[in-house]
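> Coordinates for the following, if possible.
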Amino acid sequence: MSDKDYIARCREQIEKELNLDPANLMERDYEYLHEVILERTKTDLSTSTLRRLWMDKYQGVPQIKTLDALAQVLGYSGWHAYKNAKSSKPHLKKQSNRTLLFIMGILVLGFATIILLTSTDKATGEVKLDPEVLIYDGVPATIGFNYSVLNPGVEIELSWNPYERTMLNPERHFYTGTYYYPDYHQAKLIFKKQVLAQEFVHVTTKGWHALIMDSGMDTHPQYVDSIDFIYSDKLAIHDEVLKKATDKSEDVYSAFTLSNSSLGQLSGDHFYLVANVEMSPMPEGPLCLIYEVLIKGSGGNIRIPITQPGCYGVATLACAEKRMTGKLNDLSNLSTDLTLPHQVKISCQSKMLAVEVGSNQPFELSYEEEIGQLKVIKFIFNGLPEVTAFELKDEHNEKLKVNDWYPFNE
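Numbering: from 1, shown residues only. Purely as a prediction, here's the structure:
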């Protein structure tokens, strides 16, 4: 079978499992697909990508990360595993019952011996993961890792992206990985979905950093020069800058990142953040404008989606151990007309997250696990963004002043 045949079969299985009618798929069905895939695989496929897949409007073969996500929804480890499982197998010639029983007995004994000798669901022996540096300023950042594993099949994952995994050789003890995003990265050793060891690597920025990425899993984003996004009174990415970085208008995101050690002066469980934001749609861009404020701490993360009115159903909010989707929860207080200037106020006090968008009533959510010391703050947009004000305050309402945060250091 061709790849298109496998994709068609995979679609049919997903439709059957999720009780979708392929002849009458609506926008809400694609949004439901998006939520299921994100929930089961942690892969963020946009509804426009899913629509192209289901309408056979993709050119060539979709990216392997997209196909992996579809296969993982059905319980397979990835696309290649799905194809292998669905490929035709040779049939045995017709034999007598006695001959078949004899062959089956030999096969069972053989497989049992192989399993006893070579298979294990758990890693054995001592496991070590030791980054050569824990803090690195600037991107790209190549980091060396000293490691020790005994089992074949152990992978190293550099951060949150499953497509940045590499199989490790147990006979070797050193690996280098390159980080392309400024962030608070969690490097992990993984064996059959079991995390054996993990260490944090903080890739920092002196001030604000901007990049453009094709999707949430883009391993090689395009950086934006500071002269192209830092102005005397704001951060902004305009259409001509976007066009220099990519010729796409769908599944494109721009991000402003502050990954600065000065953030560590604040606790992620006791802070106030205020920002003035507006954004405009990209030509032929997505129908639903949305941006996220991502706050990372030493112990946990906060992910706040701000959406255009009527679009909160595609959003997901997360805070420490809590996760809320717009499909199942009313996140309408996190919506406003994003094309107009508006203010976003975020605070965490006594394990209570409060978000106030424009003139809306505050959205509140309690949580239990600690966010810890602040490490990273990001604004991620699916349109053309402007941030015209930004400030952070501690639990005593004292403003944090840092010279490197130009233009917001006054």
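> residues touching the nearest residue to T339 once chain neighbours are set aside, list them.
The shortest distance from T339 to any non-neighbouring residue, by Cβ to Cβ, 6 or more residues apart in numbering, is to S280 (5.7 Å). (Each C-beta comes from the backbone N, C-alpha and C, glycine too.) By Cβ atoms under 8 Å, 6 or more residues apart in numbering, the residues touching S280 are 339, 383-384.
> Helices along the stretch 151-300 of the chain, start to end?
Remark: helices assigned in the stretch 151-300 of the chain by DSSP state H, counting those that start in this stretch are 239-245.
> Which stretches in the stretch 151-300 of the chain count as strands?
Assigned by DSSP state E, counting those that start in this stretch, the stretch 151-300 of the chain shows strands spanning 155-157, 165-167, 174-179, 183-191, 194-204, 208-213, 222-224, 235-236, 253-258, 271-280, 290-297.
> Tabulate those strands (CSV), appending mean pLDDT and distance to E27.
Conversion of the strands of the stretch 151-300 of the chain to CSV gives the following (pLDDT from 0 to 100; distance: least, Cβ to Cβ, whole Å):
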stretch, mean pLDDT, distance to E27
strand 155-157, 93, 33
strand 165-167, 88, 33
strand 174-179, 95, 36
strand 183-191, 95, 32
strand 194-204, 95, 36
strand 208-213, 95, 24
strand 222-224, 95, 30
strand 235-236, 98, 30
strand 253-258, 96, 20
strand 271-280, 97, 21
strand 290-297, 97, 15
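> The ones you listed into a markdown table, with extra columns for distance to T124?
A markdown table is the format used below for the strands of the stretch 151-300 of the chain (distance: least, Cβ to Cβ, whole Å):
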| stretch | distance to T124 |
| --- | --- |
| strand 155-157 | 16 |
| strand 165-167 | 17 |
| strand 174-179 | 20 |
| strand 183-191 | 10 |
| strand 194-204 | 11 |
| strand 208-213 | 39 |
| strand 222-224 | 42 |
| strand 235-236 | 50 |
| strand 253-258 | 40 |
| strand 271-280 | 43 |
| strand 290-297 | 33 |
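> ok so A85 is a helix residue?
Yes. Assigned with DSSP: H, G, I helix; E, B strand; the rest coil, A85 falls within a helix.
> Count the residues that sit near the residue nearest to it when sequence neighbours are not counted.
Ranked by Cβ to Cβ, 6+ apart and with sequence neighbours excluded, the top spatial neighbour of A85 is Y76, at 6.6 Å. Residues near Y76, counting by other Cβ atoms under 10 Å, number 18.
> Can you tell me the SS state at Y76?
Strictly by three-state DSSP, Y76 counts as coil.
> Likewise for L353?
Assigned by three-state DSSP, the conformation of L353 is strand.
> shouldn't it be in contact with L365?
Yes. L353 lies in contact with L365 (Cβ atoms under 8 Å); the separation is 4.7 Å.
> any weak-confidence spans in the stretch 101-250 of the chain?
Low-confidence segments of the stretch 101-250 of the chain (pLDDT under 70): 101-121, 216-217, 247-250.
> Verify the stated contact: H173 with G144.
No. Contact criterion Cβ under 8 Å: H173 and G144 do not qualify, at 10.9 Å.
> For F408, what are phi and psi?
phi -110, psi 40 (degrees, to the nearest 10).
> And the pLDDT for the nearest residue to it once chain neighbours are set aside?
Leaving aside its chain neighbours, F408 sits nearest to F390 (4.4 Å; criterion: Cβ to Cβ, 6+ apart). Listed pLDDT for F390 reads 97.
> Roughly how far does F390 sit from I7?
Distance of F390 to I7, computed by Cβ to Cβ, to the nearest Å: 44 Å.
> Equivalent analysis for F256, please.
Here the criterion is Cβ to Cβ. By it, F256 lies 36 Å from I7.
> swap in L266?
47 Å.
> Ok, A71 next?
Taken as Cβ to Cβ, the span from A71 to I7 is 10 Å.
> same deal with K244?
K244 is 33 Å from I7, by Cβ to Cβ.
> out of those two, which sits in the busier spot?
I7 (22 against 13).
> Contacts only, for H34.
Contacts of H34 (Cβ under 8 Å, 6+ apart): 44-47, 50, 314.
> buried residues in the strand or helix carrying it?
Secondary-structure element containing H34, defined by DSSP states H and E: helix 27-41. Neighbour counts over helix 27-41 (16 or more other Cβ atoms under 10 Å) mark 29-35, 37-38, 41 as buried.
> quick one, phi/psi of I7?
Dihedral angles for I7 - degrees, to the nearest 10 - are phi -60, psi -40.
> From P62, how far off is it?
I7 is 7 Å from P62, by Cβ to Cβ.
> shared neighbours of the two, anything?
Contact criterion Cβ under 8 Å, 6+ apart; residues shared by I7 and P62: L53.
> Right, I'll leave it there.
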